[in-house]
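Q: Just the structure for this:
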Amino acid sequence: MDDPNNWPETTTLEGYPFHCELIEERASEDCGCPEELWIMGSLEVTLHLEEDGRGHVIADAGDWEGDLFIECSGIEDLRTHAADWINTFPLEE
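A: Next up, the predicted model:
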């Protein structure tokens, strides 16, 4: 599994028309898998990397929550997929 101690130090994502900022890196309370909490635009976004390499993206707008399951090659790939998915939403900063 992708070891979070070996992840590159990335606290922002460039190239998107909305603010992206890493808030927290942690292990999942439920299963211990690595997770990252991001603010992307006006959404709180949790990135969850499964042991088998699949990714789970959870977008929370307060009154709405959506999720996406994807195949990814690691945390950097999961970050990009998440931001690309969020970029399809009509966001207000």
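
Q: Could I get the full set of strands for this protein?
A: 20-27, 34-40, 43-49, 54-60, 65-71 (DSSP state E).

Q: would you turn those into CSV with mean neighbour count and distance to Pro90?
A: To be clear about C-beta, it is placed using only N, CA and C from the backbone, and glycine gets the same treatment. Output for the strands of the chain, formatted as CSV (neighbours: other CB atoms under 10 Å; distance: least, CB to CB, whole Å):
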stretch, mean neighbour count, distance to Pro90
strand 20-27, 13, 17
strand 34-40, 20, 13
strand 43-49, 20, 11
strand 54-60, 18, 13
strand 65-71, 12, 13
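
Q: Any idea which of those strands gets closest to Asp77?
A: With respect to Asp77, and counting by CB to CB, the nearest of these is strand 54-60 at 7.6 Å.

Q: Run the chain-centre distance for the closest one.
A: What separates the centre of strand 54-60 from the centre of its chain is 6 Å, taken as CA atoms, centre = their mean, to the nearest Å.

Q: What strands flank that strand, and is each parallel or antiparallel?
A: Under the criterion DSSP bridges, strand 54-60 sits next to strand 43-49 (antiparallel), strand 65-71 (antiparallel) in its sheet.

Q: what's the first one in contact with?
A: It stands for strand 43-49. The contact list for strand 43-49 (CB atoms under 8 Å, 6 or more residues apart in numbering) reads 1-2, 28, 33-39, 55-61, 72, 74-75, 78-79, 82, 86, 89, 91.

Q: And the last one, by the same measure?
A: Defining contact as CB under 8 Å, 6+ apart, one finds that strand 65-71 is touched by 53-59, 78, 81-82, 85.

Q: Please convert these to CSV, extending it with pLDDT.
A: Shown next, in CSV, are the contacts of strand 65-71 (pLDDT from 0 to 100):
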residue, pLDDT
Gly53, 86
Arg54, 94
Gly55, 96
His56, 96
Val57, 97
Ile58, 96
Ala59, 95
Leu78, 95
His81, 95
Ala82, 95
Trp85, 94
